[in-house]
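Engineer: I would like the atomic coordinates for the input below:
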Amino acid sequence: MKQVHTHNNKQRRKLRTRGRIKATSDKPRMSAHRTNQHIYVQIIDDITAQTIAASSDKQLKPVKGTPVEIASLVGKDIAQKAQKAGIKQVIFDRGHFAYHGRIKAVAEAAREAGLKL
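Structural biologist: Take a look at the predicted model:
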């Protein structure tokens, strides 16, 4: 009899990454998600299950550049929104995505803009 797996590899990676993250109210989770065309970032308070700040390349005015450059702009934007909300420190949640390319660009740009990851 063949064993049935309830999770595929992406879901397992996501659960493994999320299991290592301990988010609190004063140190919320910054979740990054990318598709082939767009990148989305949210700062989420897991205690109250509310999104504190969100940003994506769709919200920014039409910008020209490489996908990594656009992801850097999204990282700077989320850092500014977080600081307006009074957040100085977050835990970065990359989900099931590898930490390189656009995901890495978002994290590094947020750090440069003053957010502690």
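
Engineer: looking only at stretch 83-95, what residues are buried by neighbour count?
Structural biologist: 87, 90-94 (16 or more other Cβ atoms under 10 Å). No exception for glycine: its C-beta is placed from N, CA and C like everyone else's.

Engineer: what does it rub up against?
Structural biologist: Outside stretch 83-95, the residues that touch it by Cβ atoms under 8 Å, 6 or more residues apart in numbering are 13-14, 17-18, 21-23, 26-33, 43, 52-53, 82, 103, 107, 110, 114-117.

Engineer: now the terminal residues of that stretch, how far apart.
Structural biologist: Chord length of stretch 83-95, first to last residue, is 23 Å (Cα to Cα, to the nearest Å).

Engineer: skipping adjacent residues, who's closest to Arg111 in space?
Structural biologist: Nearest non-adjacent residue to Arg111, counting by Cβ to Cβ, 6 or more residues apart in numbering: Leu117, 5.6 Å away.

Engineer: now do Gln50
Structural biologist: Among residues not flanking Gln50 along the chain, Ile44 sits closest, at 7.3 Å (Cβ to Cβ, 6+ apart).

Engineer: how about the buried residues of stretch 83-95, which pair is most distant?
Structural biologist: Between any two of those, the greatest separation by Cβ to Cβ is 18.4 Å, found for Ile87 and Arg94.

Engineer: wait, Ile21 touches Pro28, no?
Structural biologist: No - Ile21 lies out of contact with Pro28 (Cβ atoms under 8 Å); the separation is 10.4 Å.

Engineer: just want to know which of these two has more residues nearby.
Structural biologist: Pro28 (26 against 13; other Cβ atoms under 10 Å).
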